[in-house]
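[1] Build me a model:
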Amino acid sequence: MSETDIGRDGDFWGGFSRLADPKISLTSLASIYLGAAVASVEGGLHWGWLIATAITVFALEAAKNATGDIYDYDSGTDLRVAPEDRTPFSGGKRVLVEDLLTRRQTWEIAIAMTALAGLLGIFIVVAREPAVLWFGLAGALLGWSYQGPPLKLSYRGGGEAAVMVVYGPLIALATYLIQTHQLSAEVFLLSLPLGLIVAAFLWVNEFPDYEADKASGKRNLVVQLGKEKASQVLPAIYLAAALILLALPAAGLPKAVWLGALFLPAAAYASFAIWREPQTFHRKRPAQPAALVAFLLYSVGAGTGVLIG
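    Numbering: from 1, shown residues only. I've put the predicted structure just below:
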């Protein structure tokens, strides 16, 4: 077997762990938690189906990360990220850039994870809830289209909206549907702020990659706006999430969901740090971890509010 087949370092499992990326999987777990919290107060949880849901979503995410790394490598985006701009939250998974995996291995992981998600998804559809098929197909399509052709949403300013939809209503509603065999307006509304806050996390992570993305023709919204204007939009995204959260009790949710406001200090810190130094904040201030903590605190706070409310 040649070096081309195994990669220069041959670190298959190191590459796989990069693509699995547990910290990014927290986004889907946050959405799953909201759907499960509402389902649990309406009739209890079916833990086996909840675990099957989580594994299916995890496999789709790993497949998306694998194909995304290939397309970002081919476009030159990951190759152009300067060393001082690389962070644990941005700059791509870099399994090809750092020779952890070969292209063939990366495609094999993408195919294997897609197959795992497909098999589990079919099992859930046949044995539990047929209607969730449409959610699975939508999630798979958006996951592929985030960086894959023909849509390449993250290259055309549609990636942020796709992330908001998938990690907000799509996963939360699918989780609830599998548990209860029905949909819920309350779950939809509860998940809207989460979708916005996760999109804000992506927004923050696009700043360090700005120069590389711009040079490679990856015209996400931060690139289209420029760092200065994009730093001014970020607080507006968080404000929109906060206003929806404030209105949730009017839609029938308990006032305890206002515990989701725990996200505000972390969001405020990230917004201030980026507004103050939009060019270099990621080299000095932990704004990216703060943006991650923000969506976790919203999910934990709002979901727990449902449980105790």
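[2] what residues are up against residue 51?
    By Cβ atoms under 8 Å, 6 or more residues apart in numbering, residue 51 lies in contact with nothing. C-betas here are computed from N, CA, C, even on glycine.
[3] my bad, residue 193
    By Cβ under 8 Å, 6+ apart, the neighbours of residue 193 are 168, 241-242, 244-245, 260, 298, 302.
[4] For residue 203, state which of those is nearest.
    Using Cβ to Cβ, residue 241 is the member of the contacts of residue 193 that lies nearest residue 203, at 12.2 Å.
[5] where does that closest one land on pLDDT?
    Residue 241 is assigned 98 on the pLDDT scale.
[6] chain center to stretch 28-39: distance?
    14 Å (Cα atoms, centre = their mean, to the nearest Å).
[7] That one - what's its average pLDDT?
    97.
[8] Kindly report the same for stretch 289-296.
    On average, stretch 289-296 scores 97.
[9] Now that stretch: buried residues?
    289-296 (16 or more other Cβ atoms under 10 Å).
[10] Check stretch 178-187 too.
    Neighbour-count burial for stretch 178-187 [16+ other Cβ under 10 Å]: 178-180, 184, 186-187.
[11] Can you get me a residue count around residue 117?
    Residue 117 has 23 neighbouring residues, counting by other Cβ atoms under 10 Å.
[12] residue contacts, residue 244?
    By Cβ under 8 Å, 6+ apart, the contact set of residue 244 is 189, 192-193, 196.
[13] of all these, which comes closest to residue 97?
    Relative to residue 97, and with distances defined as Cβ to Cβ, the nearest of those is residue 196, at 31.1 Å.
[14] Remind me which helix or strand the nearest residue to that closest one once chain neighbours are set aside belongs to.
    Leaving aside its sequence neighbours, residue 196 sits nearest to residue 241 (Cβ to Cβ, 6 or more residues apart in numbering; 4.1 Å). Take DSSP states H and E as the rule and residue 241 turns out to sit in helix 227-247.
[15] next SSE after that helix?
    helix 264-276.
[16] Are there helices or strands packed against that next one, and which ones?
    helix 185-206, helix 227-247, helix 287-308 (3 or more Cβ pairs under 8 Å, 6 or more residues apart in numbering; DSSP states H and E).
[17] closest to residue 164 out of these?
    The nearest among the helices and strands packed on helix 264-276, by Cβ to Cβ, is helix 185-206 at 4.0 Å.
[18] Go through that closest one and flag the buried ones.
    186-206.
[19] again, but for stretch 13-20
    If you call a residue buried by 16+ other Cβ under 10 Å, then stretch 13-20 has these buried ones: 15-16, 18-20.
[20] possible to save these as CSV with pLDDT and secondary structure?
    Formatted as CSV, the buried residues of stretch 13-20 follow (pLDDT from 0 to 100; DSSP: H, G, I helix; E, B strand; the rest coil):
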residue, pLDDT, secondary structure
15, 89, helix
16, 90, helix
18, 88, helix
19, 90, helix
20, 87, helix
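[21] could those residues be laid out in a markdown table, adding distance to residue 99?
    Converted to a markdown table, the buried residues of stretch 13-20 look like this (distance: Cβ to Cβ, whole Å):
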| residue | distance to residue 99 |
| --- | --- |
| 15 | 9 |
| 16 | 14 |
| 18 | 12 |
| 19 | 14 |
| 20 | 18 |
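[22] Looking at those, which is nearest residue 110?
    Closest to residue 110, out of all of the buried residues of stretch 13-20 and judged by Cβ to Cβ, is residue 19, at 8.4 Å.
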